[in-house]
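A.B. asks: Task: produce atomic coordinates for the following.
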Amino acid sequence: VKIEPGAFHDFLTPSHLSAMRYWPKMGCDAAGHNCKIGSSGGPGQECVWNPVTGQADYSRCHPPVDTKFEASYGENGAPCNPKTPGGVEMKGCDYVDLSLVDGWTLPVKFEASGDCSSLLTTSTQPSQVKQDHH
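C.D. replies: Residues are numbered from 1 along each chain as shown. Next comes the predicted model:
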């Protein structure tokens with residue numbers, strides 16, 4: 001998906017999608033391939049083949065890009081209450097990881113929509129991150 005500078009794109013995700021990853025690309029051809037930054041492997045490329053299992057393994061196809069967004073999405077309609085003992089109400093929880101700990105390749109902004117602020121759990125509150133790192 002080509003996103004113009006200053007623009008945005010809403011990515012819709014299906015229920016119970018686990019272990020997905022996005023990263024930026026830049027300087028690509030019209031089809032979104034042969035990028036100067038962020039090109040990655042795919043079907044038919046060597047990074048996909050896992051010699052140990054003999055199966056396709058896309059986890060080894062990520063490019064050397066520091067800006068990455070990873071997430072696992074819970075089951076739509078299922079409860080998400082991490083405070084419930086034993087984790088019995090966590091099937092509906094979404095987990096996101098947007099880390100810039102190793103640096104960043106291209107700037108990124110993440111916005112969650114819906115009623116999720118009451119269960120926000122981060123090591124540093126977003127307002128503090130903004131103050132400390134700008």
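A.B. asks: what residue ranges in this structure score low on pLDDT?
C.D. replies: Residues of the chain meeting the criterion pLDDT under 70: 41-47, 58-60, 114-134.
A.B. asks: what about 90?
C.D. replies: Counting by pLDDT under 90, the chain contains low-confidence ranges at 1-73, 76-134.
A.B. asks: burial count for residue 78?
C.D. replies: 13 (other Cβ atoms under 10 Å). From N, CA and C alone the C-beta is placed, and that goes for glycine too.
A.B. asks: tell me the SS of it?
C.D. replies: At residue 78 the chain is in coil, as set by DSSP: H, G, I helix; E, B strand; the rest coil.
A.B. asks: Is it in contact with residue 91, as I believe?
C.D. replies: Yes: using Cβ atoms under 8 Å, residue 78 makes contact with residue 91 at a distance of 3.8 Å.
A.B. asks: Phi and psi next, for the residue of the chain most remote from its centre.
C.D. replies: When distances are taken from the C-alpha mean of the chain, residue 85 lies farthest, 27.9 Å away, according to Cα atoms, centre = their mean. When read as degrees, to the nearest 10, the backbone of residue 85 gives phi -60, psi 140.
A.B. asks: Roughly how far does it sit from residue 78?
C.D. replies: The gap separating residue 85 from residue 78 is 17 Å, by Cβ to Cβ, to the nearest Å.
A.B. asks: and if you look at residue 14?
C.D. replies: Distance of residue 14 to residue 78, given as Cβ to Cβ: 14 Å.
A.B. asks: how about the helices in this protein?
C.D. replies: Along the chain, counting by DSSP state H, helices occupy 126-132.
A.B. asks: Which residues are in contact with the nearest residue to residue 103 once chain neighbours are set aside?
C.D. replies: Spatial nearest neighbour of residue 103, excluding adjacent residues (Cβ to Cβ, 6 or more residues apart in numbering): residue 66 at 4.5 Å. Applying Cβ atoms under 8 Å, 6 or more residues apart in numbering, we find residue 66 in contact with 100, 102, 103, 104, 105.
A.B. asks: Turn those into TSV, columns for distance to residue 26 and neighbour count.
C.D. replies: Formatted as TSV, these follow (distance: Cβ to Cβ, whole Å; neighbours: other Cβ atoms under 10 Å):
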residue	distance to residue 26	neighbour count
100	17	14
102	18	9
103	16	7
104	13	14
105	8	18
